[in-house]
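K.L.:
Build the 3D model from these lines:
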Amino acid sequence: MAKNLFPFQASNELMVLPNFEYSNCPRMEILIVPGGYGAEELKIRNQTIISWIKAKYSKVKHLASVCTGAFLLAEIGLLDYLEVTTHWMDVNTLKNNYPLLNVIENVRYTDSGKILTSGGISSGIHLSFYLLQKQFGLEVATRTAKRMEYDWSPEKR
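P.N.:
Reported below is the predicted structural model:
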């Protein structure tokens, strides 16, 4: 998902080839907002991304963030008064910059109903299995984790 279909380089030098433009994105049930080193500073100033997420919020079943993606959702105001988390290195910044959030430390993810947030990358993977469980049931999530050889259980939050 991007402004256009041209390849671009992410902040970690990974090349990204978008499948869809913001303007022609297909219907989705789950929208996951990624983060990453420096992403919170860049994305919260990008009005195109902010407008797109605001427009999609009412149309998705679940909105989730991984790592510092929580900063973007906080900037929009979607996390006010919710239990949220982010990467452990950014917890204090999230608390200080967005005092209306109930920032929870030392958890892999939070579930506030429609909105879910996770810590760093491995916590985002754990959140993905949790979303699989919510969407398709425990058996599908467990079978998928086993196939991927990922140590997941629904009790680990």
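K.L.:
so where is the chain shaky, pLDDT-wise?
P.N.:
38-43, 156-157 (pLDDT under 70).
K.L.:
which residue is nearest the middle of it?
P.N.:
residue 65 (1.5 Å; C-alpha atoms, centre = their mean).
K.L.:
Quick check: longest helix in the chain by residues?
P.N.:
helix 121-136 (DSSP state H).
K.L.:
Only the buried residues of whichever helix or strand comes after it, if you could.
P.N.:
As assigned by DSSP states H and E, the chain's next helix or strand after helix 121-136 is helix 138-147. By 16 or more other C-beta atoms under 10 Å, the buried positions in helix 138-147 come out as 141, 142, 144, 145. For every residue, glycine as well, the C-beta is placed using N, CA and C.
K.L.:
Summarise which helices and strands the longest helix of the chain is packed against.
P.N.:
Secondary-structure packing of helix 121-136 (3 or more C-beta pairs under 8 Å, 6 or more residues apart in numbering; DSSP states H and E): strand 30-33, strand 62-65, strand 109-111, strand 115-118, helix 138-147.
K.L.:
ok, 6 Å please
P.N.:
Judged by 3 or more C-beta pairs under 6 Å, 6 or more residues apart in numbering; DSSP states H and E, helix 121-136 is in contact with helix 138-147.
K.L.:
Just confirm residue 61 contacts residue 29, I think it does.
P.N.:
Yes: shown here, residue 61 and residue 29 form a contact pair, counting by C-beta atoms under 6 Å, at 4.4 Å.
K.L.:
What would stretch 117-128 look like as CSV? C-alpha coordinates only.
P.N.:
Extracted in CSV, the C-alpha atoms of stretch 117-128 (Å, rounded to 0.1, in the frame of the first residue of the first chain):
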residue,chain,number,x,y,z
THR,A,117,-1.3,-2.8,19.5
SER,A,118,1.9,-4.7,19.9
GLY,A,119,5.4,-4.3,21.0
GLY,A,120,8.3,-4.9,18.6
ILE,A,121,8.6,-7.3,15.6
SER,A,122,8.3,-10.6,17.4
SER,A,123,5.4,-9.2,19.4
GLY,A,124,3.8,-8.3,16.1
ILE,A,125,4.1,-11.9,15.0
HIS,A,126,2.4,-13.0,18.2
LEU,A,127,-0.4,-10.4,17.6
SER,A,128,-0.8,-11.8,14.1
